[in-house]
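Asks: Build the 3D model from these lines:
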Amino acid sequence: MSAADRPATLPEAFQRTARIAPDAVALRTVGGSQTMTWRDYAARVWQVAAGLAALGVGRGDTVSLMMANRIEFYPLEVGAQHVGATSFSVYNTLAADHLADVFANAANKLVFCEHQYVDRIKAGGAPIDRIVCVDGSPEKTISVDDLITRGSADFDFEAAWQAVQPDDVATLIHTSGTTGDPKAVEITHTSLLFEVFGLDEVLGLQFGDLITSFLPTAHTADRVTALYIQEVIGAQVTVVPDIKTITAALSDVRPTVWGGMPRVWETMKAGIEAKVGAETGVKKALGDWALGEANTRAQALLAGSEPGVADRLQYTLADNLVLGKLRAGIGLDRARWLISGDAPIPEGDVGLLCGPRPPDDRGLGHVRTQRYRDREPPTRRCVGFRREAAAGPGDQSGRRWRVLRSWPAGHEGLPQRAREDRRGHRRRWVAAYRGHRHSRRWRQCLDYRP
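Replies: You can find the predicted model right below:
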């Protein structure tokens with residue numbers, strides 16, 4: 001897709017994507033007991049948007065979500081986008097006082113949540129117009145069905161989503177609060193689309209790619225690799241409500257693109273080694289030899305060299321006899337790309353997990369899907385310890401831009417536009433100060449680097 005043909009907002013992207021194959025499955029649970037097609041997904045988004053408009057939620061208002069990874073999250077989030085609202089998730093582990101701080105800072109108009117979180121939200125005391133419960137209707141809340149019945153058949157859905165502008169704030173990303181009150185960064189539609197299309201340039205994403213949502217939806221990685229990639233590209237998302245079950249879920253999903261934290265890869269490595277170690281006799285000897293060949297190949301790629309002819313032949317044999325079965329056993333036999341992020345991954349773990357893969361077109365890529373985008377070129381896609389910045393939106397000359405992911409701590413009273421951080425670093429950054437009530441809410445922007 002050329003730059004000129006790309007959608008300008010997330011609602012526009014979703015509307016295009018939903019029309020590609022309306023009867024294809026867009027959302028599912030592990031095991032497929034619950035599914036939603038793109039046709040039903042788009043219809044639900046219309047219903048949610050109409051209901052929100054009937055409650056007075058519109059462009060520039062803020063809507064938050066607090067729930068586990070579940071199918072219902074997606075049409076609620078995307079429906080809020082279609083009326084121009086800024087929608088964001090909060091961590092389910094936040095205490096009542098932290099929730100109150102986040103909601104007050106964001107000036108929430110409405111919260112979607114599960115029944116189990118209603119009392120905690122109320123205990124925080126933040127001024128919220130409505131609480132919409134996805135699995136019931138406790139006192140002083142309404143259910144999602146109630147929300148939908150309030151929608152008017154005369155609601156001009158097309159006009160609502162077409163009124164959303166590229167520079168409108170699509171979501172808020174909050175800090176964890178471990179070093180002070182949680183702070184929020186405003187992310188525009190332009191920035192999120194830049195992120196997704198940048199990843200697409202590297203990964204070659206496709207409509208129907210199989211991915212999972214298992215991290216908290218408040219986490220940037222889950223929002224980018226599940227929600228936004230799905231809206232823009234059309235990936236099929238399988239929701240995994242309990243992160244502890246992700247390794248078992250992979251065998252069901254068999255994802256084509258998947259990422260996890262180093263701890264997840266470490267667990268998989270331990271499982272593979274334990275499975276081989278439990279064998280006896282010829283099977284154990286064959287397994288140990290195959291893992292050795294995988295590591296030999298991986299270490300060569302880590303060193304930037306190509307394995308010799310003999311090593312390639314040995315690896316091919318090991319792959320046919322053992323490694324392919326190991327891939328299928330953990331559900332990664334169809335993966336075109338595997339991603340590691342959030343923290344450095346030990347080279348030993350990388351070597352084992354990168355090793356058991358066909359040598360020509362697959363590898364373990366390290367792509368940072370944070371609020372700035374580094375990318376690992378396909379030529380270095382086995383392991384990425386070096387990253388290069390991507391060209392910015394609208395930039396046709398190959399110059400480099402960087403999307404800021406932070407702001408200087410302690411600068412609550414910063415003037416409206418600032419050019420340097422408090423340490424005087426030469427990086428140029430720009431933040432939009434939102435006034436006293438939003439003193440911890442800053443506008444993400446692009447930092448030009450010639």
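Asks: do you know how far Ile246 is from Val282?
Replies: 33 Å (CB to CB, to the nearest Å). All C-beta atoms are positioned from the backbone trio N, CA, C, and that covers glycine.
Asks: Who has more neighbours out of the two?
Replies: Each of Ile246 and Val282 has its neighbours counted (other CB atoms under 10 Å); Ile246 has more, 20 against 8.
Asks: Following element in sequence after the host helix or strand of the more buried one, please.
Replies: Under the criterion of DSSP states H and E, Ile246 resides in helix 246-253. The helix or strand immediately downstream of helix 246-253 is strand 257-260, counting by DSSP H and E.
Asks: same for that following strand, what does it pack against?
Replies: On a contact count with 3 or more CB pairs under 8 Å, 6 or more residues apart in numbering; DSSP states H and E, strand 257-260 meets strand 210-213, strand 337-340.
Asks: In CSV, list the ones you listed along with mean neighbour count.
Replies: Converted to CSV, the helices and strands packed on strand 257-260 look like this (neighbours: other CB atoms under 10 Å):
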stretch, mean neighbour count
strand 210-213, 22
strand 337-340, 22
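Asks: Include mean pLDDT and distance to Ala300 when you put those into JSON lines, please.
Replies: What follows is the helices and strands packed on strand 257-260, written out as JSON lines (pLDDT from 0 to 100; distance: least, CB to CB, whole Å):
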{"stretch": "strand 210-213", "mean pLDDT": "97", "distance to Ala300": "30"}
{"stretch": "strand 337-340", "mean pLDDT": "82", "distance to Ala300": "18"}
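Asks: got CSV for those strands, with distance to Val169 too?
Replies: Listed next are these as CSV, based on distance: least, CB to CB, whole Å:
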stretch, distance to Val169
strand 210-213, 22
strand 337-340, 27
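Asks: Ok, which of those comes nearest Thr93?
Replies: Among the helices and strands packed on strand 257-260, strand 210-213 comes nearest to Thr93, with 17.4 Å by CB to CB.
Asks: Run the chain-centre distance for that closest one.
Replies: Relative to its chain's centre, strand 210-213 lies at 10 Å (CA atoms, centre = their mean, to the nearest Å).
Asks: Stretch 63-71 now?
Replies: 14 Å.
Asks: before we move on, what about stretch 166-173?
Replies: Its chain's C-alpha centre and that of stretch 166-173 lie 15 Å apart, by CA atoms, centre = their mean.
Asks: Rounded mean pLDDT for it, please.
Replies: The average pLDDT for stretch 166-173 rounds to 93.
Asks: List the buried residues of that stretch.
Replies: Neighbour-count burial for stretch 166-173, counted by 16 or more other CB atoms under 10 Å, picks out Pro166, Asp168, Val169, Ala170, Thr171, Leu172, Ile173.
Asks: what pairs with the third one across the strands?
Replies: Judged by DSSP bridges, the bridge partners of Val169 are Thr188.
Asks: Much appreciated, bye for now.
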